[in-house]
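S.K.: No sequence on hand, only this structure:
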């Protein structure tokens with residue numbers, strides 16, 4: 001049984017559609033205007049909306065545009081009209097409507113369209129963040145411009161950044177609309193020729209180069225050699241540079257160089273912290289829309305508390321915290337106390353990090369140095385001058401040390 005919202009200013013049509021759909025086992029809510037439809041959509045989160053185009057307060061096309069612009073078009077919408085034109089139907093589908101029904105609506109046409117809409121909606125992936133919907137900070141605005149420019153190339157691209165920056169989120173922005181995007185843990189699971197066939201005309205995304213075992217590295221070499229022929233662009237992510245991939249992770253030097261033919265640094269969350277309230281609200285709204293939690297909203301105090309957290313785990317940590325809040329808050333409004341409670345669980349422990357004390361001295365020292373500089377970079381928000389000052393190292397020596405450890409270089413332009 002699905003929850004269906006019928007929006008039409010004619011009472012006779014509303015009641016007839018409600019009777020037909022109820023006989024099919026659906027739960028039906030009725031709205032006579034756009035204002036009522038907005039309220040019911042927010043309160044009930046319908047699985048499907050039947051939306052009339054011509055209404056007295058706000059027409060259906062305008063309401064559809066409003067839902068699309070605000071990220072609320074998470075359910076299939078079927079437009080209805082007795083006075084529509086082909087141009088109107090085309091505009092509605094361009095905005096995001098699934099289909100268009102002309103009045104008087106034939107019974108079988110109605111039922112088949114509703115059935116298909118609900119089936120396709122069930123098969124659809126849950127809503128995800130997209131780079132286009134991420135905040136308005138100068139940092140992300142500049143990143144989007146660079147990605148738009150890089151999207152015009154077919155050359156391999158290596159995304160770089162700290163752990164937790166959610167590189168797949170950015171990699172998806174590089175794919176053309178409707179083009180294949182093959183990523184995740186199973187990107188290299190199939191035989192290379194099958195992988196190329198599945199990704200043809202799109203993007204093959206490798207989520208963490210430093211974790212690929214040698215057999216998968218060999219598969220990647222095969223894919224790189226044949227990607228152009230199949231019109232496949234290989235986009236990868238690595239928290240270390242190409243040289244480190246060769247020296248410490250066993251990559252063939254030519255393969256590492258080819259993977260890093262183009263590179264793009266993904267900023268840590270602390271560099272666009274002003275966007276955290278918007279990001280958190282979007283993440284929470286998506287959990288609610290996907291019905292993974294009860295209706296929730298973040299209070300102003302909660303948003304401010306999230307804004308001022310340092311987020312050493314970047315976007316992945318924010319995503320985890322928001323999910324925790326959505327599941328564990330006792331009230332519909334998530335309070336600052338809720339945020340403090342959840343963030344306390346994520347606070348770094350004062351205990352000594354788990355270091356490989358059973359390893360040879362050189363390996364143990366290197367592991368300690370990596371933990372030391374990771375924490376220092378996070379504490380100083382990537383400021384190389386402050387890291388150099390705190391560590392007592394001259395900056396040129398510091399750059400060499402971070403590069404040898406495979407750690408990202410912070411900001412070089414501070415005073």
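M.R.: Sure, I can see it. Since this is a predicted model, take the numbers as computed values, not measurements.

S.K.: Which parts of the stretch 151-300 of the chain are helices?
M.R.: For the stretch 151-300 of the chain, helices defined by DSSP state H, counting those that start in this stretch occupy the ranges 167-171, 192-199, 214-226, 242-249, 253-259, 276-289, 300-307.

S.K.: for those, which one sits closest to residue 28?
M.R.: Closest approach to residue 28 among the helices of the stretch 151-300 of the chain (Cβ to Cβ): helix 276-289, 20.0 Å. (Glycine included, C-beta is placed from N, CA and C.)

S.K.: so residue 162 touches residue 314, yeah?
M.R.: Yes. Checked against Cβ atoms under 8 Å, the pair residue 162 and residue 314 is within contact range at 5.9 Å.

S.K.: Any stretches of this protein with poor pLDDT?
M.R.: 69-71, 84, 122-128, 130-135, 184-186, 347-359, 381, 410-415 (pLDDT under 70).

S.K.: Break it down into its domains, please.
M.R.: Per automatic domain parsing, the structural domains of the chain span 3-123, 150-265, 270-346, 361-405.

S.K.: mind putting these in CSV, mean neighbour count included?
M.R.: Formatted as CSV, the domains of the chain follow (neighbours: other Cβ atoms under 10 Å):
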stretch, mean neighbour count
domain 3-123, 17
domain 150-265, 17
domain 270-346, 18
domain 361-405, 15
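
S.K.: who wins for proximity to residue 139 among those?
M.R.: Nearest to residue 139, of all the domains of the chain, is domain 270-346, at 4.3 Å by Cβ to Cβ.

S.K.: Now do the closest one: distance from first to last residue.
M.R.: Distance between the two ends of domain 270-346: 16 Å, counting by Cα to Cα, to the nearest Å.

S.K.: Quick one: distance of that domain to the chain centre.
M.R.: 15 Å (Cα atoms, centre = their mean, to the nearest Å).

S.K.: before we move on, the earlier item: got the domains of the chain as JSON lines, with distance to residue 137 columns?
M.R.: Output for the domains of the chain, formatted as JSON lines (distance: least, Cβ to Cβ, whole Å):
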{"stretch": "domain 3-123", "distance to residue 137": "18"}
{"stretch": "domain 150-265", "distance to residue 137": "15"}
{"stretch": "domain 270-346", "distance to residue 137": "4"}
{"stretch": "domain 361-405", "distance to residue 137": "15"}
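
S.K.: Now for residue 154: which residues touch it?
M.R.: Residues near residue 154 by Cβ atoms under 8 Å, 6 or more residues apart in numbering: 228, 231, 233.

S.K.: 6 Å instead, please
M.R.: Residue 154 is in contact with residue 233, counting by Cβ atoms under 6 Å, 6 or more residues apart in numbering.

S.K.: and the longest helix for the chain?
M.R.: Using DSSP state H, we find that the single longest helix of the chain is helix 361-379.

S.K.: what's the closest of the domains of the chain to residue 144?
M.R.: With distances scored as Cβ to Cβ, the stretch of the domains of the chain nearest to residue 144 is domain 150-265 (7.7 Å).

S.K.: quick one: contacts for residue 238?
M.R.: Contacts of residue 238 (Cβ under 6 Å, 6+ apart): 158, 209-210.

S.K.: can you rerun that using 10 Å?
M.R.: 158-161, 167, 206-212, 244-245, 249, 251, 256, 259-260, 263, 406 (Cβ atoms under 10 Å, 6 or more residues apart in numbering).

S.K.: Which of those residues fall in strands?
M.R.: Cross-referencing those against strands under DSSP state E gives 158-160, 206, 263.

S.K.: Tell me the one of these nearest residue 2?
M.R.: Of the ones in strands among the contacts of residue 238, the one sitting nearest to residue 2 (Cβ to Cβ) turns out to be residue 206, at 38.5 Å.

S.K.: Which strand residues bridge the closest one?
M.R.: Note on residue 206: beta-bridge partners residue 236, judged by DSSP bridges.
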